[in-house]
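Participant: pasted the sequence and its predicted model underneath.
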Amino acid sequence: MKAEKYHEMDMGGLREEEKALTEQLFKLRIQSATGQLENSSKIRQVRKDLARVKTILTVKQAEA
């Protein structure tokens, strides 16, 4: 997802998104370890999205 979409979300939505991305990353890592992962670039994409969400959460917490 684009960073602009994350900037529009409120704190609760960002925390939910962070939790969902963390769970998705865990599942992808399990699939990778067991050899079931078809698209290895998905891990990189989820990691970057998670970093975006965490960065925006930090910025919004600093503003508050």
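Facilitator: Here it is on my side, so go on. None of these values were measured; they are calculated from a predicted model. Numbers count the residues shown, from 1 in each chain.
Participant: which helix or strand contains the residue nearest to the spatial centre of the chain?
Facilitator: Residue closest to the average C-alpha location in the chain (C-alpha atoms, centre = their mean): L50, at 2.5 Å. Here L50, judged by DSSP states H and E, is contained in helix 41-63.
Participant: output the contacting helices and strands for that helix.
Facilitator: Here helix 41-63 is seen to pack against helix 3-8, helix 11-34 when contacts are counted using 3 or more C-beta pairs under 8 Å, 6 or more residues apart in numbering; DSSP states H and E. Heads up, the C-betas are built off the backbone N, CA and C, glycines and all.
Participant: which SS state does Q36 fall under?
Facilitator: Under DSSP: H, G, I helix; E, B strand; the rest coil, Q36 falls in the coil class.
Participant: for it, phi and psi?
Facilitator: Here is the backbone geometry of Q36 (degrees, to the nearest 10): phi -100, psi -10.
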